[in-house]
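# sequence and predicted structure are below.
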Amino acid sequence: MSTERRAGRGARSASAAGPARFLAAALVSVLAALALALAAGVPARADDDPAAASDAGSAGQRIADALRTSPVYVDPAYRSAFPPDEQRRLAARIKKSGLPVRVVVVPLISGDAWGGDPEKMVDVVRYRMAEGARKKAVYMTLSTNEGFLDGYEFPRDGRYEAFWGVAAVGHQDDMKDRSLYAKFSRALEIVRSGDGREQYEKATADLHDDDPAERDGGAHHRGGADGGGADAGPSPLLLGVLAGSLVAVLAAAALVLRTVRRRARSSARAPFTSPRSVFATARTAGVRDLRKRAQRELLAYNEKLLAHEPDEHADSDLLQLSLDAYAAACTVLDEARDTPDLAGVLVLLHEGADALERSEPAPRSRRKARAAAPTLPLCFFDPLHGAAAERIRWRPLGRREALRVAACRECSAAVSARRAPEVLTHRHDGRRVPYFEVPPEHSLWAATGYGSLTEETLTGRVLRGDFTRTRTSRTRTTRTRRGR
């Protein structure tokens, strides 16, 4: 689960106000508490869908079996990055600490046994290990943001502060580009010290100035969690009516709500990846790996075009756009020098693939569905997040006007929770800024928002020379400065 989604839940919990809403929350909370009590000795399921649990079962069982003999499980794919001797050293350190820590290092890929979600993977493993709801355990995994780690503590309100402490490792300067052994060892030290929140605050101190949630929305979250709305309580009249038969219910509800509020306050500033961090693969693996990915996707798209046999009734304009998109992607890839340009290659290929699919004739019902829900571009905030899920209203910090942009689910949740979404950054005038803050005359991507801010296709703009013109403009500016 992403930290944005956690923060969103915390904000919604803290926003309850008024006697009626308080009473409803209390009754629901008591029922939830009873359900948890009954389930205390029952293993937690990762998914209510038996088919989904079955799909992940064999992989989860393999990990669970390994964890019964060693607290460290590393998938063979990471053998070179996390050699067996280092695995044994980390396992020895965990056993010596006496902590219920388990380290699971597996590839996290969309479409795998747990959909690329580390938390779902942990839930599956816990179910396979028959761990009850109150079984103490700390799981450390790789994060979906490369270079970072995720921590999961059970019970959720445990004393190790693993959620914060493990997240802190990815933000510590001395941990950048360190081995997996070094990072998990540091995470173990923080969990053992029990001051994960303090460590996290320290590690991210230099990032708070860049977090709009801190500058603009932070007070909103704190007010919702600690302020008057949620603490107003029921009116004296309602308390009088309920004083008899419901007094025990309200007492239990008060305890539950105290826990909910405490978690809401924690969620208001859950661990985040700074907008300056960019997408983790680009930041950690570098531009070279992203270029290889763009090359692979370009070749795959070329093969798709070669294998495609257009229908005689195919839309010729869309078919031509799919071919032009390939040419435009080749142009950008040849001249790409940084992450924003390479992201542009992926956006162009997405545009071409969509045009190719829509070029084929479809039944009337499908044509209506296409018209009602047009294909969205990749995520405005960072195209490397993948396809957008919806268009949202977003107001840039310091501006009055709002924009309608395409956003992935994670970024949409972050904006809804008044948090800073993770954005793609670009170095401009010697400092790293969100790519959309680069003057539009210097960046085609800033001018178009990778397709979110314009009705014209990116393919058309690249082929008419807009991308080359921005390159020329930047080159001339650099030469002028050198001449001075």
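Okay, I see it.
# which regions of the stretch 201-350 of the chain sit below the pLDDT cut-off?
Along the stretch 201-350 of the chain, segments meeting pLDDT under 70 span 207-286.
# also the stretch 351-484 of the chain?
Using pLDDT under 70, the flagged stretches of the stretch 351-484 of the chain are 362-374, 398, 469-484.
# where do the helices sit along it?
364-372, 409-416, 444-448, 458-463, 466-483 (DSSP state H, counting those that start in this stretch).
# elements contacting the fourth one?
So the one you mean is helix 458-463. helix 316-335, helix 339-359, helix 444-448 (3 or more Cβ pairs under 8 Å, 6 or more residues apart in numbering; DSSP states H and E). C-beta here means a position set from N, CA and C on the backbone, and glycine is covered the same way.
# show me the one of these that comes nearest Glu201.
helix 339-359 (28.8 Å; Cβ to Cβ).
# quick check: buried residues in the closest one?
339-356, 358-359 (16 or more other Cβ atoms under 10 Å).
# ok, stretch 156-165 next?
Quick answer for stretch 156-165 (16+ other Cβ under 10 Å): Gly158, Tyr160, Glu161, Ala162, Phe163, Trp164, Gly165.
# pLDDT of that stretch, averaged?
For stretch 156-165, mean pLDDT rounds to 84.
# can I get that stretch in PDB? Just the C-alpha atoms.
C-alpha atoms of stretch 156-165 as PDB (Å, rounded to 0.1, in the frame of the first residue of the first chain):
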ATOM      1  CA  ARG A 156      -0.300  -2.400  13.800                       C
ATOM      2  CA  ASP A 157       0.200  -0.300  17.000                       C
ATOM      3  CA  GLY A 158       3.400  -2.100  17.900                       C
ATOM      4  CA  ARG A 159       6.200  -0.500  19.900                       C
ATOM      5  CA  TYR A 160       9.000  -0.800  17.300                       C
ATOM      6  CA  GLU A 161       7.900   2.000  15.000                       C
ATOM      7  CA  ALA A 162       9.000  -0.100  12.100                       C
ATOM      8  CA  PHE A 163       6.700   1.700   9.600                       C
ATOM      9  CA  TRP A 164       8.700   4.900  10.100                       C
ATOM     10  CA  GLY A 165      12.100   3.500  10.900                       C
END
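# thinking Trp445 is in contact with Gly344, fair?
Yes - Trp445 is within contact range of Gly344, at 5.7 Å (criterion: Cβ atoms under 8 Å).
# quick one, strands of the protein?
Per DSSP state E, the chain carries strands over the ranges 72-74, 101-105, 137-142, 149-154, 390-394, 403-407, 425-428, 431-434.
# can you get me the start-to-end distance on stretch 457-468?
16 Å (Cα to Cα, to the nearest Å).
# which residues does that stretch contact?
Contact with stretch 457-468 is made by 321, 324-325, 327-328, 331-332, 335, 344, 347-348, 351-352, 444, 447-448, 450-451, 454, as judged by Cβ atoms under 8 Å, 6 or more residues apart in numbering.
# in ChimeraX, how would I select the buried members of these?
This is how ChimeraX selects the buried members of the contacts of stretch 457-468, with burial counted by 16+ other Cβ under 10 Å:
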select :321,324,325,328,331,332,344,347,348,351,352,444,447,448,450,451
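# now Ala446, nearest residue through space, not along the chain?
Val438 (4.4 Å; Cβ to Cβ, 6 or more residues apart in numbering).
# could you count how many residues lie near that neighbour?
When neighbours are counted by other Cβ atoms under 10 Å, Val438 registers 21.
# my guess is it meets Leu424, correct?
No - look at Val438 against Leu424 with Cβ under 8 Å: they stay out of range, at 10.8 Å.
# count the residues that sit near Phe467.
Neighbours of Phe467 (other Cβ under 10 Å): 23.
# ugh, wrong one, I meant Tyr435
27.
# looks like it contacts Val423 (just checking).
Yes - Tyr435 is within contact range of Val423, at 7.2 Å (criterion: Cβ under 8 Å).
# confirm for me that Leu318 is in contact with Ala355.
Yes - counting by Cβ under 8 Å, Ala355 is a contact partner of Leu318 at 4.6 Å.
# hang on, the earlier thing: and the residue nearest to Ala446, how far from Asp429?
Noted for Val438: a distance of 9 Å to Asp429, by Cβ to Cβ, to the nearest Å.
# perfect, that will be all.
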